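Asker: Attaching a predicted model along with its sequence, questions to come.
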Amino acid sequence: MRSGWACVLAAVVASGVAGAQDEDRPTPQEAEQIPALIRQLGAEDFHDREAASKALDACAWKAVKELEAAAQSDDPEVRRRAGLLLRTARAHGDESRWLEAVRTSWPDALKAGRIGEPFFGQLETPAKLEEKERQPQQDVNASTVDTGLEWLAARQAADGSWTGRAAGGQSAAELENTAVSLLAFLGAGHSTKVGFYKARVLDAVCFLMRCQRADGAILNPGWKNVDAMAHTWAGMALAEASGMSRDPEIARAAQKAIDYSLKELRAAHGGFGRLPRAETADLVSTALVVMHYKTCKIAGLSLSAHNQEIDSLLENLNTFEDKEAKAFRLVQGGATSAEATFLGVLAQSWLGVKPEKLSPYLTAAWKTYRSVVAEPEGPEPFIRWVGMLDMFQQGGDLWKEWHNSNRTCLAEGSIDEGEDKGAWKLSGPRRGAGKVLSNAFNALSLEIYYRVPILLSNP
């Protein structure tokens with residue numbers, strides 16, 4: 001039998017009474033009922049416990065203190081249910097801050113020519129991974145990647161994810177952390193079927209598949225809104241996992257993800273935006289959709305239903321291009337920047353634009369960005385990876401200069417001992433993204449030396 005308390009509170013939440021007040025504070029009625037619902041989590045009747053969990057789930061972020069206390073209860077059932085509800089509470093808080101940041105700081109940052117995340121949690125180091133030691137490969141790049149992957153593996157959660165915080169807390173970075181970390185393992189040759197880390201790869205793939213809605217969107221756990229950037233990274237990871245394993249279940253999930261990207265992430269006036277069906281497009285989101293598309297093509301997924309969207313991808317990218325300045329901007333009408341140019345060039349190259357056409361853009365970007373690479377922390381790891389792909393494809397003197405400026409700090413810049421053994425010394429915060437994402441991108445950057453050519457063929 002469903003408890004009266006649960007019915008009352010569920011009705012209050014559903015009616016929107018809470019909407020008239022601060023959404024992070026309980027209404028008077030909720031404040032009165034929450035303690036009773038907390039106690040009901042330990043009721044003898046299963047249906048009463050379920051009803052209390054369901055009612056609290058609708059307003060868990062307003063009852064964090066009560067749930068934290070309940071998570072220390074002597075009753076194991078109360079502890080378990082309170083712990084699960086705290087995940088919902090934290091996810092709501094992250095999503096609210098993320099949405100507010102996307103709507104405010106994200107457009108301003110793009111107009112100013114900056115690439116960065118508006119909100120991410122931070123990672124604290126968990127216990128070390130207890131696995132047998134492996135003999136490092138002789139090649140310095142592969143050996144450094146090997147220890148970097150070992151560092152990442154030590155920080156994978158039991159559910160297969162890489163979180164943005166310690167102690168199981170969720171953050172806006174969780175989905176992107178997991179997707180990019182998975183790509184690093186896949187890039188080193190580990191799949192769901194082969195490789196030392198195949199079990200960890202499978203765990204990560206399963207986590208991403210559990211985060212996917214029926215319509216194909218991949219969301220952070222507990223969220224209702226789709227972050228286009230996190231979705232496309234997750235879609236790329238699933239597509240690459242599918243191509244390497246030929247697993248039909250993974251292929252179905254990857255197919256649904258690219259279908260969603262090409263249909264639902266398109267902005268109202270062309271291009272792709274940070275939120276589904278956004279009013280305006282931005283270069284970061286548009287370039288990531290291009291990369292998602294290309295990864296799916298290489299993996300052999302079906303794209304024939306999206307010919308119109310695919311045919312317009314290059315045209316969409318061109319709207320961010322300043323042909324006179326040989327540069328790209330992050331939003332139409334915004335400032336051009338070296339970071340935006342690296343990203344625009346990469347997306348164009350993946351659509352088959354020839355290196356000789358892109359060379360003047362990279363030359364101009366490198367002139368202004370050379371000093372950033374020389375700084376102690378260097379560029380953001382994401383931009384380092386993008387630039388590495390650009391210059392590797394370009395070859396010649398540009399590649400030699402980029403290689404000489406980056407390879408030593410990447411190939412020889414990992415920590416040799418202590419809790420962070422295997423992590424890179426240069427893994428500073430990617431505007432708050434944390435060490436996991438930074439180290440995953442650094443591993444991907446080194447993997448370019450021995451795996452990237454396939455991405456640059458068959459546009």
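Answerer: Looks like it arrived, so ask away.

Asker: Under the pLDDT cut-off, which ranges of the stretch 51-200 of the chain? List them.
Answerer: 116-142, 164-172 (pLDDT under 70).

Asker: hey, where'd the helices end up in it?
Answerer: Along the stretch 51-200 of the chain, the stretches classed as helices by DSSP state H, counting those that start in this stretch are 64-70, 76-103, 105-111, 140-153, 174-187, 198-210.

Asker: among those, which is the most enclosed?
Answerer: helix 174-187 (a mean of 27; mean count of other CB atoms under 10 Å). The C-beta positions use only the backbone N, C-alpha and C, and glycine is treated the same way.

Asker: and that helix with helix 140-153, angle?
Answerer: Interaxial angle, helix 174-187 versus helix 140-153 (axes from the mean of the first three to the mean of the last three CA atoms, to 10 degrees): 140 degrees.

Asker: Report all helices and strands that helix 174-187 contacts.
Answerer: helix 140-153, helix 198-210, helix 228-245, helix 435-451 (3 or more CB pairs under 8 Å, 6 or more residues apart in numbering; DSSP states H and E).

Asker: I'd like those helices laid out as CSV, including distance to residue 402.
Answerer: CSV is the format used below for these (distance: least, CB to CB, whole Å):
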stretch, distance to residue 402
helix 140-153, 15
helix 198-210, 30
helix 228-245, 23
helix 435-451, 11
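
Asker: nearest to residue 91, of the ones you listed?
Answerer: Closest approach to residue 91 among the helices and strands packed on helix 174-187 (CB to CB): helix 228-245, 13.0 Å.

Asker: so how far is the closest one off the chain centroid?
Answerer: What separates the centre of helix 228-245 from the centre of its chain is 10 Å, taken as CA atoms, centre = their mean, to the nearest Å.

Asker: average model confidence for it?
Answerer: The average pLDDT within helix 228-245 is 96.

Asker: Now do the residue nearest the centre of the chain against residue 51, distance only.
Answerer: By CA atoms, centre = their mean, the mean C-alpha position of the chain lies nearest to residue 176, the distance being 1.3 Å. According to CB to CB, to the nearest Å, residue 176 and residue 51 sit 35 Å apart.

Asker: Also residue 110?
Answerer: Distance of residue 110 to residue 51, given as CB to CB: 45 Å.

Asker: that older thread, dump the helices of the stretch 51-200 of the chain to TSV, plus distance to residue 391.
Answerer: Formatted as TSV, these follow (distance: least, CB to CB, whole Å):
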stretch	distance to residue 391
helix 64-70	47
helix 76-103	31
helix 105-111	24
helix 140-153	16
helix 174-187	18
helix 198-210	29
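
Asker: wait, which of these is closest to residue 322?
Answerer: Short answer: helix 105-111, nearest of these by CB to CB, at 14.3 Å.

Asker: Quick one: mean pLDDT for stretch 275-282?
Answerer: For stretch 275-282, the per-residue pLDDT averages 93.

Asker: Next, the buried residues of it.
Answerer: Residues 275, 276, 278, 280, 281, 282 are the ones in stretch 275-282 that count as buried (16 or more other CB atoms under 10 Å).

Asker: Let me have those in a markdown table, extended by distance to residue 207 and secondary structure.
Answerer: What follows is the buried residues of stretch 275-282, written out as a markdown table (distance: CB to CB, whole Å; DSSP: H, G, I helix; E, B strand; the rest coil):
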| residue | distance to residue 207 | secondary structure |
| --- | --- | --- |
| 275 | 23 | coil |
| 276 | 22 | coil |
| 278 | 27 | coil |
| 280 | 32 | coil |
| 281 | 29 | coil |
| 282 | 27 | coil |
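
Asker: So which residues of the stretch 351-459 of the chain form helices?
Answerer: Going by DSSP H, counting those that start in this stretch, the stretch 351-459 of the chain shows helices at 355-374, 381-394, 396-411, 435-451.

Asker: Indicate which one of these is closest to residue 25.
Answerer: Residue 25 lies closest, by CB to CB, to one member of the helices of the stretch 351-459 of the chain: helix 435-451, at 32.5 Å.

Asker: Under the pLDDT cut-off, which ranges of the stretch 351-459 of the chain? List them.
Answerer: 374-377, 408, 411-413, 425-433, 450-459.

Asker: hmm, back to that, select, out of the helices and strands packed on helix 174-187, the one closest to residue 191.
Answerer: Residue 191 lies closest, by CB to CB, to one member of the helices and strands packed on helix 174-187: helix 228-245, at 4.0 Å.

Asker: Past that closest one, which element shows up next along the chain?
Answerer: With elements assigned by DSSP states H and E, the helix or strand that comes after helix 228-245 is helix 248-264.

Asker: Can I get the helix or strand just after that following helix in PDB? Just the C-alpha atoms.
Answerer: Using DSSP H and E, the next helix or strand after helix 248-264 towards the C-terminus is helix 283-298. Taking C-alpha atoms only, helix 283-298 is exported to PDB below (Å, rounded to 0.1, in the frame of the first residue of the first chain):
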ATOM      1  CA  LEU A 283      32.200  25.800 -33.900                       C
ATOM      2  CA  VAL A 284      33.100  23.400 -31.000                       C
ATOM      3  CA  SER A 285      29.700  21.600 -31.200                       C
ATOM      4  CA  THR A 286      29.700  21.600 -35.000                       C
ATOM      5  CA  ALA A 287      33.300  20.300 -35.200                       C
ATOM      6  CA  LEU A 288      32.500  17.500 -32.700                       C
ATOM      7  CA  VAL A 289      29.500  16.400 -34.800                       C
ATOM      8  CA  VAL A 290      31.800  16.300 -37.800                       C
ATOM      9  CA  MET A 291      34.200  14.100 -35.900                       C
ATOM     10  CA  HIS A 292      31.300  12.000 -34.600                       C
ATOM     11  CA  TYR A 293      30.100  11.500 -38.200                       C
ATOM     12  CA  LYS A 294      33.600  10.500 -39.500                       C
ATOM     13  CA  THR A 295      34.200   8.100 -36.700                       C
ATOM     14  CA  CYS A 296      30.900   6.400 -37.400                       C
ATOM     15  CA  LYS A 297      31.700   6.200 -41.100                       C
ATOM     16  CA  ILE A 298      35.000   4.500 -40.400                       C
END
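
Asker: could you give the angle of helix 283-298 to helix 174-187?
Answerer: Going by the same axes, to 10 degrees, helix 283-298 is angled at 40 degrees with respect to helix 174-187.

Asker: How far off centre is helix 283-298?
Answerer: Computed by CA atoms, centre = their mean, the chain-centroid distance of helix 283-298 equals 14 Å.

Asker: who does it touch, helix- and strand-wise?
Answerer: Helices and strands touching helix 283-298, by 3+ CB pairs under 8 Å, 6+ apart, are helix 228-245, helix 248-264, helix 313-318, helix 338-350.
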